[in-house]
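Trainee: Predicted structure and sequence below. I'll ask about it afterward.
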Amino acid sequence: MFVMKCGGSTLAALPDVFFEDLTRLQAEGEIPVIVHGGGPAISDTLGKLGIETEFVNGLRKTNEAVLDVVEMVLAGQINKQIVRNIQRSGANAVGLSGVDGHLIQAQPVANAHEVGLVGDVTRVNAELIQGIVGMGYMPVIAPVGIGADGGQRYNINADTAAGAVASHLGVERMIVVTDVPGILKTVDGEKRVLPSVTVREIDEMIASGDIYGGMIPKVRAAVQCIQGEVREVVIVNGSEPQVLSKVLKGEGIGTRIVKA
Ligand SMILES: Nc1ncnc2c1ncn2[C@@H]1O[C@H](COP(=O)(O)OP(=O)(O)O)[C@@H](O)[C@H]1O
Ligand SMILES: CC(=O)N[C@@H](CCC(=O)OP(=O)(O)O)C(=O)O
């Protein structure tokens, strides 16, 4: 089993072969568990509705009105689009949000006074995921969390949610699919993909500004989950043909984030 996080930056551009690759892997027993984003689509709909949106350190400032849109777009539009794409390629998929079956339990983030109803994951219902997988369906998870009291919803960054799902499931590998071929660094005036980076190098790259914006929650989630059972997190570009198979075969593709 492996966790695959699919970013909103790349979702619309994912080719049919990406979903065919996913389906083949499932048939071979690799079992993908998918957590998806959809940041650009949320911003789009908020814009159409005239609701202002703002990011603080990569997290969307979220109130109840924003949360309504986040849930509608992520758990509705995007989640079902991915489920349809997987089903079209011949596999079985079930879409859920973190609210369903208390799949992702959350609590307010430490800087809730700045970002509002944004959550950190406290618990993942791994049994529910195992059950869905056991029935032969690929779980497709939208990162909306639910409080322990079952009342409050939370907007969770999709990278953070994926990292937490990977940790709680105890998978060996998380693959982060995005719109760049890995972590890039400018060397001698040329942008290069780093084949692997350690936790220490990540800290240095954030401090120097080499890693910024949407890459920050990805590397933070990666660092957090490789402290546990997850052996490596690989960041890849979704438009690379058969990218998931290549990662699982150990081909040197994208950037691997490893403990040391
Ligand atoms: N060092 C880096 N290497 C590659 N991309 C980076 C780096 N630092 C920041 N980024 C930015 O991170 C973006 C990916 O994050 P994001 O747009 O949030 O994607 P997603 O929607 O897939 O989560 C890249 O398109 C790039 O602009
Ligand atoms: C708290 C927070 O920022 N949540 C994100 C959830 C979606 C997401 O993370 O999507 P990407 O993976 O496409 O960036 C948001 O509202 O945009």
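Mentor: Yep, it's here. Residues are numbered from 1 along each chain as shown. Ligands and ions are numbered 1, 2, ... in the order given.

Trainee: helices and strands around the host helix or strand of residue 83, which ones?
Mentor: Using DSSP states H and E, the element containing residue 83 is helix 79-88. For helix 79-88, the packing partners by 3 or more Cβ pairs under 8 Å, 6 or more residues apart in numbering; DSSP states H and E come out as helix 16-27, strand 32-36, strand 93-97, strand 138-142. For every residue, glycine as well, the C-beta is placed using N, CA and C.

Trainee: Pairing partners for the third one, with directions?
Mentor: Yep, that's strand 93-97 we're talking about. Applying DSSP bridges, strand 93-97 is found paired with strand 138-142 (parallel).

Trainee: Can the partner strand be said to contact ligand 2?
Mentor: No - Strand 138-142 is not in contact with ligand 2 by Cβ under 6 Å from any ligand atom; minimum separation 8.6 Å.

Trainee: helices and strands around the helix or strand just after that strand, which ones?
Mentor: The helix or strand immediately downstream of strand 138-142 is strand 144-146, counting by DSSP H and E. The contact analysis (3+ Cβ pairs under 8 Å, 6+ apart) places strand 144-146 against strand 104-108, strand 153-155.

Trainee: Can I get the longest one as CSV, trimmed to CA atoms?
Mentor: Think strand 104-108. What follows is strand 104-108, C-alpha atoms only, in CSV (Å, rounded to 0.1, in the frame of the first residue of the first chain):
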residue,chain,number,x,y,z
ILE,A,104,-9.7,12.5,9.5
GLN,A,105,-10.2,13.9,13.1
ALA,A,106,-8.7,17.4,13.5
GLN,A,107,-8.1,20.2,15.9
PRO,A,108,-7.4,23.8,15.3
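
Trainee: what's the offset of that strand from the middle of its chain?
Mentor: Centroid separation between strand 104-108 and its chain, computed with Cα atoms, centre = their mean, to the nearest Å, is 16 Å.

Trainee: Around ligand 1, pick out the residues from the stretch 1-150 of the chain.
Mentor: Residues of the stretch 1-150 of the chain lying near ligand 1 (Cβ under 6 Å from any ligand atom): 7, 8, 9, 10, 37, 39.

Trainee: Quick check: nearest residue in space to the fifth one, chain neighbours excluded?
Mentor: Once flanking residues are discounted, residue 37 sits nearest to residue 158: 3.4 Å by Cβ to Cβ, 6 or more residues apart in numbering.

Trainee: got it, and the third one?
Mentor: The shortest distance from residue 9 to any residue other than its chain neighbours is 4.0 Å, reached at residue 179 (Cβ to Cβ, 6+ apart).

Trainee: Let me see the contact set for that neighbour.
Mentor: 7, 9, 10, 13, 237, 238, 239 (Cβ atoms under 8 Å, 6 or more residues apart in numbering).

Trainee: Next one: the first one from residue 50, what distance?
Mentor: The one in question is residue 7. 26 Å (Cβ to Cβ, to the nearest Å).

Trainee: same thing with the last one?
Mentor: With distances taken as Cβ to Cβ, residue 239 is found 33 Å from residue 50.

Trainee: out of these two, which sits in the more crowded spot?
Mentor: Legend: neighbour count by other Cβ atoms under 10 Å for residue 239 and residue 50, higher for residue 239 (15 against 6).

Trainee: got a pLDDT number for the more buried one?
Mentor: What the model reports for residue 239 is a pLDDT of 92.

Trainee: so is it in a helix, a strand, or just coil?
Mentor: coil (DSSP: H, G, I helix; E, B strand; the rest coil).

Trainee: That one reaches residue 14, doesn't it?
Mentor: Yes - using Cβ atoms under 8 Å, residue 239 is in contact with residue 14, at 7.5 Å.

Trainee: So the residue nearest to residue 15 when sequence neighbours are not counted versus ligand 1, what's the distance?
Mentor: Closest residue to residue 15 apart from its sequence neighbours, by Cβ to Cβ, 6+ apart: residue 239 at 6.7 Å. As judged by Cβ to the nearest ligand atom, to the nearest Å, residue 239 and ligand 1 stand 12 Å apart.
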